[in-house]
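# just the structure for this:
(one chain, ligands or ions: 1)
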Amino acid sequence: MCGIVAAVAGRDVVPLLLEGLRRLEYRGYDSAGVAVIVDGKLQRLRSAGRVAELTAATAQNKLTGNTGIAHTRWATHGAPSEKNAHPHISGGIAVVHNGIIENHDAIRLKLQAAGYQFTSDTDTEVIAHLIHRHMQTAADIFAATCAAVGELQGAFAIAVATEAEAGRVVVARRGAPLLLGIGDGEMFAASDASALLQVTRRMIYLEEGDVVDLHRERYEVRDAAGKKVERPIHLSELTADAVDLGPYRHYMQKEIFEQPGALANTLEMVVNAQSLSPQLFGVDAAKTLAEIDSVLILACGTSYHAGVVARYWIEAIAGLPCIVEIASEYRYRASVPNPRALVVTISQSGETADTIAALNFAKELGHRHCLSICNVPESALVRLSDLRFLTRAGPEIGVASTKAFTTQLAALVLLTLVLAKLRGRLTAANEQELIQALRHLPAALSHVLQVEAQIKEWAKKFAAHDHALFLGRGIHYPIAMEGALKLKEISYIHAEAYPAGELKHGPLALVDKEMPVVAIAPNDALLEKLKSNMQEVHARGGQLYVLADRDARLVSSAGVEVIKLPDHAGILSPILHTLPLQLLAYHAALVRGNDVDKPRNLAKSVTVE
Ligand code: F6R
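The predicted structure follows:
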């Protein structure tokens, strides 16, 4: 995952920036860079390699300076290149950036028309030129950055320095984490507190839309509306080797809120792409993916639910038959192998014993093509598979899987689209539209997280019950399954998920006024059917909790509470609808006083059968 460190001090900041990058290394990266202001001139060094190499280069070049910004970049497939490493420069302005700029194409065209020349393939360079352009009319770098940020769409965090104004750094955050470190006569910013513990424990966690003007002795925070605001200073109690909790109470909460960033990292390779390439799944993927005639998905728990969602995508969009099996069942079942099937294993840890055994069993049966979708690069599952896609969720510490699940879904959408394209089922126009939707996804997730306050109210009511039902239809049925699993594993409330049409075939007998029923109600082709199913619940006194889309014609009434998601995502809707369910489980567990990050009887990696 990409990392940002920035500093303004009276001393040489180069060693501080490099140490900050070194402490972010655990997040994964493959290129690094630093820019400092030396005697009124910007000097930049970048390396398509490790921070140690960058450090050696700074020593060799005797790089020193009192103001600087630095970055680790987790590049996409293919060789990570120096020209794409941050910082990116326009005139004397340098920018580092995490996240995705959705409208970078449109801004690039505008800037090119104005004479700006681009030297990299990144969306970050667009930001540098845009700020440079605003500098022609703005009073200073702070005003220019505020104006530029106003034009950017997407989820991102940036840090900016300019040689014209040494002793000043401007940072901004929207949808990607960023915090300030308040020193004694020096100021810092970083994407993760662990980078700053070497210099200060006094941290400010920035809020959505904040833009900050940092000087040695002072700082000014402007909120999303441009108003000057105060943000509280926290004293970090983090030890240098722990994964930072930041402003959150639990890892699960932190990981839920990290999802816009995790998805941005996972989708980084499509942000700048004009088209989707099979190479996303490995160098030899094009040949294999063109050869297969069906898909067999093997996984456990939450990862299995990701597989069930993918079945809907793969069959409807790529037109390939797809079977999804629980790994612990498949490994003992006498099934009929198909050597032309693509076996996809999905796992956060890559160490789940049942999934590994199922993959080995599939190979023994004669399956030849294996792809693993995994969050841990060196894991057993990845090593066992010819093709792979690494989700970039970052370390997931809470036992209940959250960001791993949504990044798995992102990976599976990409797989679907690549398969569809190889089969001539994706027009160029559709492909562009979907790439744009993927670019928007992190921002859409940030918007959806804003329903937390309403979900907390639901959670208080759920916490008082011992049972709950979750309903969904079509591709949202597995999302209902995931919602039920999350609720039971951390709140210990017994929860079941049903495809809503199944209600009348049995489970309706459970419904009375004591039964909360969650209905996932996106504005899709099945909404009218779902409404009839909700009516069945309502008529029996069941309490309905409905997650609807912004434009669905559903309103709260007696016995029916509706929360509308503030964004819309078309085929990506299952990803958006997952977040409120994670929040519901989290807050219900909190109300019940449970150990959210370590639920009873469960382990993070299930390495035994
Ligand atoms: C639920 C959860 C588990 C895991 C399952 C598979 O929140 O975390 O259901 O999804 O144990 O684990 P991985 O994905 O590591 O194979």
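
# what are the ranges of the strands in the stretch 301-450 of the chain?
Along the stretch 301-450 of the chain, the stretches classed as strands by DSSP state E, counting those that start in this stretch are 322-326, 341-347, 369-374, 387-390.

# need the winner for burial among the ones you listed.
For the strands of the stretch 301-450 of the chain, the stretch with the most neighbours on average is strand 341-347, a mean of 28; neighbours defined as mean count of other Cβ atoms under 10 Å. For every residue, glycine as well, the C-beta is placed using N, CA and C.

# which one is the residue in the stretch 51-200 of the chain positioned nearest to the ligand nearest to, not counting chain neighbours?
Across the stretch 51-200 of the chain, no residue is closer to the ligand than Trp74, which sits at 20.8 Å (Cβ to the nearest ligand atom). In space, and not counting its chain neighbours, Trp74 is closest to Tyr29: 4.8 Å by Cβ to Cβ, 6 or more residues apart in numbering.

# over to Leu371?
Leu387 (3.9 Å).

# the one you found touches Asp284, doesn't it?
Yes - under the criterion of Cβ atoms under 8 Å, Leu387 lies in contact with Asp284, with a separation of 7.4 Å.

# could you pull up the residues touching Arg331?
Taking Cβ atoms under 8 Å, 6 or more residues apart in numbering, we find Arg331 in contact with 354, 357-358, 361.

# what's the answer for Asp466, then?
In this structure, Asp466 makes contact with 493-494, judged by Cβ under 8 Å, 6+ apart.

# recalculate using a threshold of 10 Å.
Applying Cβ atoms under 10 Å, 6 or more residues apart in numbering, we find Asp466 in contact with 492-495, 514.

# Val38 now?
Shown in contact with Val38 (Cβ under 10 Å, 6+ apart): 14, 62-68, 163, 166.

# could you look up the SS state of Thr137?
Secondary structure state of Thr137, per DSSP: H, G, I helix; E, B strand; the rest coil, is coil.

# over to the one 10 residues further on?
At Ala147 the chain is in helix, as set by three-state DSSP.

# give me the residue from the protein nearest the ligand.
At 1.9 Å from the ligand, Gly301 is the closest residue in the chain, using Cβ to the nearest ligand atom.

# from Met203, how far out is that residue?
Between Gly301 and Met203 the distance, using Cβ to Cβ, to the nearest Å, works out to 35 Å.

# hey, where'd the helices end up in the stretch 1-150 of the chain?
For the stretch 1-150 of the chain, helices defined by DSSP state H, counting those that start in this stretch occupy the ranges 14-23, 51-60, 104-113, 124-135, 141-151.

# among the ones you listed, which is the most enclosed?
Greatest average neighbour count among the helices of the stretch 1-150 of the chain goes to helix 124-135 (a mean of 25), per mean count of other Cβ under 10 Å.

# averaged pLDDT, stretch 361-375. What do you get?
What stretch 361-375 shows for mean pLDDT is 96.

# so how far is stretch 292-307 from its chain's centroid?
On the basis of Cα atoms, centre = their mean, to the nearest Å, the separation between the geometric centre of stretch 292-307 and that of its chain is 20 Å.

# likewise stretch 299-309?
The offset between the C-alpha centroid of stretch 299-309 and the centroid of the whole chain comes to 18 Å, using Cα atoms, centre = their mean.

# one more: stretch 313-329?
A distance of 24 Å separates the C-alpha centroid of stretch 313-329 from that of its chain, computed with Cα atoms, centre = their mean.

# do stretch 252-265 as well
Computed by Cα atoms, centre = their mean, the separation of stretch 252-265 from the middle of its chain amounts to 5 Å.

# how far does it stretch from one end to the other?
With Cα to Cα, to the nearest Å applied, stretch 252-265 spans 19 Å between its terminal residues.

# buried set for stretch 349-360?
349-359 (16 or more other Cβ atoms under 10 Å).

# now, which of those residues lie close to the ligand?
Subset of the buried residues of stretch 349-360 in contact with the ligand: 349, 352, 355, counting by Cβ under 6 Å from any ligand atom.

# do you know the pLDDT at the second one?
For Thr352, the model assigns a pLDDT of 91.

# contact partners for it?
Residues touching Thr352, when contacts are defined by Cβ under 10 Å, 6+ apart, comprise 299-301, 303, 327-328, 345-346, 358, 374, 379-381, 605-608.

# name the spans of the stretch 351-500 of the chain whose pLDDT lies under the cut-off.
Along the stretch 351-500 of the chain, segments meeting pLDDT under 70 are nowhere present.

# where do the helices sit along it?
Across the stretch 351-500 of the chain, reading from the start of the chain, the helices by DSSP H, counting those that start in this stretch fall at 353-365, 380-384, 403-422, 428-448, 452-463, 477-491.

# from what I can see Ala495 touches Leu471, true?
No - contact status for Ala495 versus Leu471: not in contact, 11.4 Å apart, counting by Cβ atoms under 10 Å.

# those two: which is more packed in?
Neighbours per residue (other Cβ atoms under 10 Å) separate Ala495 from Leu471, with Leu471 holding more: 30 against 26.

# which residues of the stretch 501-609 of the chain lie near the ligand?
For the stretch 501-609 of the chain, the residues in contact with the ligand under the definition Cβ under 6 Å from any ligand atom are Val606.

# how about the residues of this structure near the ligand?
Among all residues of the chain, those adjacent to the ligand (criterion: Cβ under 6 Å from any ligand atom) are 300-303, 347-349, 352, 355, 400-401, 485, 489, 606.

# quick one: which of these is nearest Glu528?
For those, the residue nearest Glu528 by Cβ to Cβ is Leu485; the value is 27.6 Å.

# mind listing what that closest one touches?
Listed by Cβ under 10 Å, 6+ apart, the contact set of Leu485 reads 301-302, 304-305, 400-401, 405, 470, 495, 497, 581, 585.

# which stretches of the stretch 501-609 of the chain aren't confidently modelled?
The model of the stretch 501-609 of the chain has pLDDT under 70 over residues 605, 607-609.

# show me where it has its helices.
Across the stretch 501-609 of the chain, reading from the start of the chain, the helices by DSSP H, counting those that start in this stretch fall at 527-539, 573-591.

# what residues of the shortest one count as buried?
Judged by neighbour count using 16+ other Cβ under 10 Å, the buried positions of helix 527-539 are 527, 530-531, 533-534, 536-538.

# packing partners of it?
On a contact count with 3 or more Cβ pairs under 10 Å, 6 or more residues apart in numbering; DSSP states H and E, helix 527-539 meets strand 467-472, strand 516-521, strand 543-549, strand 560-565.

# 6 Å instead, please
Packed against helix 527-539 by the contact rule (3 or more Cβ pairs under 6 Å, 6 or more residues apart in numbering; DSSP states H and E) you find strand 516-521.

# neighbouring strands for the strand it packs on, and are they parallel or not?
Within its sheet, and counting by DSSP bridges, strand 516-521 is paired with strand 467-472 (parallel), strand 543-549 (parallel).

# okay, these, which one's buried deepest?
Among those, ranked by average contacts under mean count of other Cβ under 10 Å, first place goes to strand 467-472 (a mean of 25).

# the residue of the stretch 51-200 of the chain closest to the ligand is in contact with Ala32, isn't it?
No - counting by Cβ atoms under 6 Å, Trp74 stays clear of Ala32, with 10.4 Å between them.

# looking at those two, which one has more neighbours?
Between Trp74 and Ala32, counting by other Cβ under 10 Å, Ala32 is the more crowded of the two (30 against 19).

# could I get the pLDDT score of the residue nearest to Trp74?
At Tyr29, the pLDDT recorded in the model is 78.

# do the same with the one 4 residues further on
Reading off the confidence values, Gly33 has pLDDT 96.

# cool, and Val243?
So, for Val243, pLDDT stands at 66.

# cool, and the one 10 residues further on?
The predicted structure scores Gln253 at 96 on the pLDDT scale.

# ok, and the closest non-adjacent residue to it?
Nearest-residue entry for Gln253: Tyr586, 5.9 Å, with adjacent residues in sequence omitted and distances by Cβ to Cβ, 6+ apart.

# do Leu526 as well
Using Cβ to Cβ, 6+ apart and skipping the chain neighbours, the partner closest in space to Leu526 is Arg473 (4.2 Å).
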